[in-house]
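>>> From the sequence below, what's the structure:
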Amino acid sequence: MQNTKVRTAVVGAGKMGSIHAKVYAQLSQSELVAVVDVDAGRAKSLAEQYNCRAYSDCIDLLGKVDAVTIATPTVTHLQLAKIFIKNNIAVLVEKPLAANVKEGTKIVELAKKKGSVVAVGHSERCNPVAQAMKRLNIEPKFIEANRISPYPFRSTDVGVVLDVMIHDIDIILSLAASKVKRVDAVGISVVGEKEDICNARVVFTNGCIANITASRLALKTERKVRVFSRQAYLSVDYLKKSGMIIKADPNINVVKWINEHKAAGDFNLTTVNWPDLLHIEQLQIDDKEPVRLQQEAFLRAVTDRQFMPEVSAEEGLAALQCAEKILASIEKNKWDEGIGENT
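Modelled structure (predicted):
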């Protein structure tokens, strides 16, 4: 399929489906063939924007496309992915990979059996800030992630862990590059039955520790990560697409400098400009659209199997496994009328 356009389609004409359709229509390596949605009117409306076909059943795509994006409710991911994988059609599944680890495992195993390309839409991994962190090739010892926002009134079939925190789980797993050893978490439900706020502490076998907070009940939106490593300290903001690095090695003589000035009697803390003593850099960040980078990597993997998607099905499953451990810990530490009885 090299040097030819990939025939693409989007399943799900909601907000995320609309974003995927727009990008597919813009990419030179893609030919957007169709949009599918159980709501025929919604499918038609989106298809008309990009001059492609509209269908209400995925079966209508068979034989017409090479790759699809599934942007439907999480509970439908396994059912839809099976249709395409069994028919040798590459799949990009919006995050999370599936409703649970059991279903996610079925997708991964079927993809391996059929030799199919399956990617997971953890678009935050393609955020220019995350890409910039990746290029630093650091070895983190502690990661703190905060992702809070007002209630989105979408993804009500899943709680904040699978809807929001899953982004940071995926990025942290890629940075830590180690197996999860232990998870402790607490979460509460306010609006519905699923958790709306969660804090999790994840300990990895290599000693790295991550503290993750997610909320969909905040009055403002914040997406920040701090990383402590042997090589540097990083503070990044996904929303502002900015970041700061304080490198460790060039700061070795700071203490020596302070001691020398103290000994000379000319050290005055109020006159010290602390940033002058540190090796501070602004993170070099490319301003590229995450979904575009994600789809480019996906289509490259479809046309040339030497390449991998930005987030593979196996990585999507790993994020789901970690998320499930967090949800199990929330259940174990559940707040109820009996709280305090075992304290």
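>>> Report the central residue of the protein.
The centroid of the chain falls nearest to residue 167 when counting by CA atoms, centre = their mean (3.0 Å).
>>> Torsion angles phi and psi at it?
phi -60, psi -50 (degrees, to the nearest 10).
>>> Could you check how far the closest residue to residue 296 other than its chain neighbours is from residue 292?
Once flanking residues are discounted, residue 296 sits nearest to residue 27: 6.8 Å by CB to CB, 6 or more residues apart in numbering. All C-beta spots, glycine's among them, are computed from the backbone N, C-alpha and C. Residue 27 sits at a distance of 7 Å from residue 292 (criterion: CB to CB, to the nearest Å).
>>> All the helices of the stretch 151-300 of the chain, in order from the start?
Assigned by DSSP state H, counting those that start in this stretch, the stretch 151-300 of the chain shows helices spanning 160, 166-176, 254-263, 274-277, 290-303.
>>> Check what contacts the first one and list those residues.
Looking back up the chat, that one is helix 160. 187, 194-198, 214-216 (CB atoms under 8 Å, 6 or more residues apart in numbering).
>>> Let me know the distance separating residue 216 from residue 13.
From residue 216 to residue 13 the distance is 23 Å (CB to CB).
>>> Quick one: the strands in the stretch 151-300 of the chain, in order.
180-188, 197-204, 209-215, 222-229, 232-237, 242-247, 279-282 (DSSP state E, counting those that start in this stretch).
>>> looking at these, which is buried most?
Ranked by mean neighbour count, the strands of the stretch 151-300 of the chain are led by strand 209-215 with a mean of 22 (mean count of other CB atoms under 10 Å).
>>> same for that strand, what does it pack against?
Packed against strand 209-215 by the contact rule (3 or more CB pairs under 8 Å, 6 or more residues apart in numbering; DSSP states H and E) you find strand 140-148, helix 166-176, strand 197-204.
>>> want to try a markdown table for these, with mean pLDDT and distance to residue 182 as columns?
Shown next, in a markdown table, are those (pLDDT from 0 to 100; distance: least, CB to CB, whole Å):
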| stretch | mean pLDDT | distance to residue 182 |
| --- | --- | --- |
| strand 140-148 | 96 | 15 |
| helix 166-176 | 95 | 13 |
| strand 197-204 | 98 | 4 |
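>>> out of the ones you listed, which comes closest to residue 4?
Closest to residue 4 of these is helix 166-176 (CB to CB; 31.0 Å).
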